[in-house]
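K.L.:
pasting the sequence and the predicted coordinates here, then a few questions.
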Amino acid sequence: MYKKYLIAEIAQAHNGSFDKAMSYIKALSDTGVDAIKFQMHIADAESSLQEPFRIPMPGYASRMDYWRAMEFNIAQWGALKEQCEAHGMEFLCSPFSNIAVDILQQLQVQCYKVGSGEVNNGLLLERLSRTGKPIILSSGMSSLEELDHAVRFLRDKDSPVSVMQCTTAYPTQPEQYGLNMIRELKARYGIPVGFSDHSAHPETCLAAVALGAELLEFHVILDAHDTSGPDASSSLTVAQVRDLVKGVRRLERAMANPVDKTSATSFKDLKQIFEKSLAVNKHLPKGHVLGFEDLEAKKPKGFGIDARDYKRVVGHRLNKELRQWDFLTKHDISDDEIAASLRCSQ
């Protein structure tokens, strides 16, 4: 079983501050994530003054002004990538324009993540396919028909492609997670499928792993007080990420070691302690015909007839007197044929 690939997305949580972006990398460096993902927005190449705000951003006259404030120069992007790699994490970045792809190519990134708003952007998909590098498609706003088209387009270009189940809602509610789509997308495309989370709850990602997600992506904020970014309500804290990674790695071990329930031999010693033998719950004279109401089950196993055989002794006669709480053995039953076939009796 492959190790799950865990991506912590910073996106715009840095609010345009290069120093804060660096601090995110440092904060995530000991969480165990495999990659850190940013978004590269170049306002003039991807936006216009006509673009509406998704959510209000105080201090910005237009969405385009906001994107401008989120931009870093190529030297800064290079420094962010270097810092990620110095801490053993891959630098990922979603491009939102062909110019952004050109810059990321200069930085020699190894993989591209495509936001769901770009799934129908044939121009961008064409540019990405020409890099020859793996492409991860997010399905957040896409119908299956649109996703089919994008996957087919990239396959026809011989681009390695994977898909992330995602719902574009911030934060997503349980009825919007779409966890069922993980298996459906795997069956539909026969390619790696992951889960991109906007729920802000670690258990959503754990459920996705249990259902077969091979990649996980989740938004991150430094702590619960870091609420200024547009995705803060949909993000995990660094502390939650640390716990999530541990949980995913435990699930990996569990899933790589299926339990065989066809045999319980490994529990032989414990079964002797925890399982029970039949006993009588009252003084019974010789010749008494045993009824259900005469029986009790007591630890340990092996000192009397197995408790699961109680039906086989009901209606049979005792060949000796028994005191209250005595174990009931096969030697106490008059019917030799029944007694011979009873389990675990002494």
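P.N.:
On my side now, so go ahead.

K.L.:
does Ser23 touch Leu222 like I think?
P.N.:
Yes - between Ser23 and Leu222 there is a contact under Cβ atoms under 8 Å: 7.3 Å. Backbone N, C-alpha and C define where each C-beta goes, glycine included.

K.L.:
so which of the two has more stuff around it?
P.N.:
Shown here are Ser23 and Leu222; by other Cβ atoms under 10 Å, Leu222 has more neighbours (18 against 13).

K.L.:
Tyr24 is in contact with that one, correct?
P.N.:
Yes - using Cβ under 8 Å as the test, Leu222 is close enough to Tyr24 to be in contact (6.9 Å).

K.L.:
can you give me the strands for the stretch 51-200 of the chain?
P.N.:
Ranges of strands in the stretch 51-200 of the chain, per DSSP state E, counting those that start in this stretch, are 90-95, 112-114, 135-138, 161-166, 193-197.

K.L.:
tell me which of those sits nearest to Leu278.
P.N.:
Leu278 lies closest to strand 193-197 among these, at 51.3 Å (Cβ to Cβ).

K.L.:
in terms of secondary structure, what does that closest one contact?
P.N.:
In this structure, strand 193-197 makes packing contacts with strand 161-166, helix 180-189, helix 202-210, strand 215-221, judged by 3 or more Cβ pairs under 8 Å, 6 or more residues apart in numbering; DSSP states H and E.

K.L.:
who touches that strand?
P.N.:
5, 136, 138, 140, 162-166, 172, 179, 182, 185-186, 204-205, 208-209, 212-219 (Cβ atoms under 8 Å, 6 or more residues apart in numbering).

K.L.:
could the helices and strands packed on strand 193-197 be laid out in CSV, adding mean pLDDT, mean neighbour count and distance to Arg63?
P.N.:
CSV is the format used below for the helices and strands packed on strand 193-197 (pLDDT from 0 to 100; neighbours: other Cβ atoms under 10 Å; distance: least, Cβ to Cβ, whole Å):
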stretch, mean pLDDT, mean neighbour count, distance to Arg63
strand 161-166, 97, 25, 21
helix 180-189, 97, 17, 30
helix 202-210, 97, 20, 29
strand 215-221, 97, 25, 19
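
K.L.:
of these, which is nearest Met89?
P.N.:
Closest among the helices and strands packed on strand 193-197, once you apply Cβ to Cβ, is strand 215-221, at 12.3 Å.

K.L.:
what pairs with that closest one, parallel or antiparallel?
P.N.:
Strand 215-221 sits in its sheet next to strand 5-9 (parallel), strand 193-197 (parallel), strand 236-237 (parallel), going by DSSP bridges.

K.L.:
now the angle from it to strand 161-166?
P.N.:
50 degrees (axes from the mean of the first three to the mean of the last three Cα atoms, to 10 degrees).

K.L.:
what about strand 215-221, distance to the chain center?
P.N.:
How far strand 215-221 lies from its chain's middle: 11 Å, per Cα atoms, centre = their mean, to the nearest Å.

K.L.:
quickly compare the strands paired with strand 215-221 and say which is most buried.
P.N.:
Neighbour counts (mean count of other Cβ atoms under 10 Å) averaged over each of the strands paired with strand 215-221 peak at strand 193-197, with a mean of 27.
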